[in-house]
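>>> Pasted the sequence and its predicted model underneath.
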Amino acid sequence: MIVTKNQVELATWFAIHADLPLPKDMQYIGCSIGGNLVAVNGYENFNGASMYVHVASDGRSAATHEFIWVGFDYPFNYCGAQMLIAPVASSNARALRFTKHLGFKVAFELEGAHPDGALVYLTMRKEDCRFLTPNWSRA
């Protein structure tokens, strides 16, 4: 089930599972399975062309097909972004692998920009997003 209504609850869950301070000015979309949140996407810094996306998960559960689709439909189709930017700590091999699996490409890496070392910036253009095809729609 897709969850968007309680943004404070989603923000709190996101902050705990992403091990970050409570972010401000983000919009959240959550994935609930059996009444429990298993993943939350946070979106920020939309400038008319691009926006940042951050993903937090419980580390055990797989997000639903619908959540993956909504996770790309929201920024690209609803907001009108042409590019998503995903900053990931270079020390987070699992997140880097997952983000690349989704189709993001490494744009650049900033050494010393994260407490654990570098911050890797991955990007995806709308035209490269395979999740917006009819096979991934909710229809």
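Received the coordinates, thanks.
>>> Can you show me the helices along this protein?
Along the chain, the segments classed as helices by DSSP state H run 7-18, 65-73, 93-102.
>>> So which bits of the first one are buried?
Same thing as helix 7-18. Leu10, Ala11, Trp13, Phe14, Ala15, His17, Ala18 (16 or more other C-beta atoms under 10 Å). The C-beta positions use only the backbone N, C-alpha and C, and glycine is treated the same way.
>>> With pLDDT and distance to Gln82 as extra columns, can I get those residues in CSV?
Output for the buried residues of helix 7-18, formatted as CSV (pLDDT from 0 to 100; distance: C-beta to C-beta, whole Å):
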residue, pLDDT, distance to Gln82
Leu10, 94, 25
Ala11, 93, 26
Trp13, 93, 29
Phe14, 93, 25
Ala15, 90, 28
His17, 88, 28
Ala18, 84, 25
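>>> So which of these is the closest to Phe67?
The nearest member of those to Phe67, counting by C-beta to C-beta, is Leu10 at 12.6 Å.
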